[in-house]
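Q: the amino acid sequence is not available; the structure is as follows:
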């Protein structure tokens, strides 16, 4: 994906996060918050946005999954793997 497409996806996922927060969910999105990146940070690298997408995707999937064996639970696990891989890419590029 191109950087602008990743930012667009990041924006959509951030809107989903905001929706759940407005619904009163008690989920904190701690790992995503620690990244200190949002879709409006267009100066950040493509790899950083990609990592943020996977971290946020993992947290969103964890929020809506019933258990780790459901389809969404497996998606959460896969997002966690992809987030780790994206983090490695960021670390190696610096």
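A: Arrived safely, thanks for sending. Since we're looking at a predicted model, the values are computed, not measured.
Q: residue 76 versus the residue nearest the centre of the chain, what's the distance?
A: Among the residues of the chain, the one closest to the centroid is residue 56, at 2.0 Å (CA atoms, centre = their mean). Using CB to CB, to the nearest Å, residue 56 is found at 11 Å from residue 76. For the C-beta atoms, the positions are set from N, CA and C on the backbone; glycine is no exception.
Q: so for residue 69, what's the pLDDT?
A: Note on residue 69: pLDDT of 62.
Q: and residue 41, helix, strand or coil?
A: Three-state call for residue 41 (DSSP: H, G, I helix; E, B strand; the rest coil): coil.
Q: re earlier: need the contact list for the residue nearest to the centre of the chain.
A: Contacts of residue 56 were listed using CB atoms under 8 Å, 6 or more residues apart in numbering, and they are 10, 13, 14, 17, 29, 32.
Q: and it, what element?
A: Per DSSP states H and E: residue 56 is located in helix 46-64.
Q: and that helix, how far from the chain's centre?
A: Centroid separation for helix 46-64 versus its chain: 1 Å, with CA atoms, centre = their mean, to the nearest Å.
Q: check what pLDDT the residue found closest to residue 59 once you drop the neighbours it is linked to in the chain gets.
A: Spatial nearest neighbour of residue 59, chain neighbours left out: residue 29 (5.2 Å); criterion: CB to CB, 6 or more residues apart in numbering. You'll see residue 29 listed with a pLDDT of 96.
Q: try residue 42
A: Looking at residue 42, the pLDDT reads 95.
Q: surely it touches residue 7?
A: Yes. Applying CB atoms under 8 Å, one finds residue 42 in contact with residue 7, separated by 6.3 Å.
Q: give me the more crowded residue out of these two.
A: Shown here are residue 42 and residue 7; by other CB atoms under 10 Å, residue 7 has more neighbours (21 against 10).
Q: which elements pack onto the host helix or strand of that one?
A: Residue 7 belongs to helix 3-22 when assigned by DSSP H and E. In terms of contacts (3 or more CB pairs under 8 Å, 6 or more residues apart in numbering; DSSP states H and E), helix 3-22 is packed against helix 46-64.
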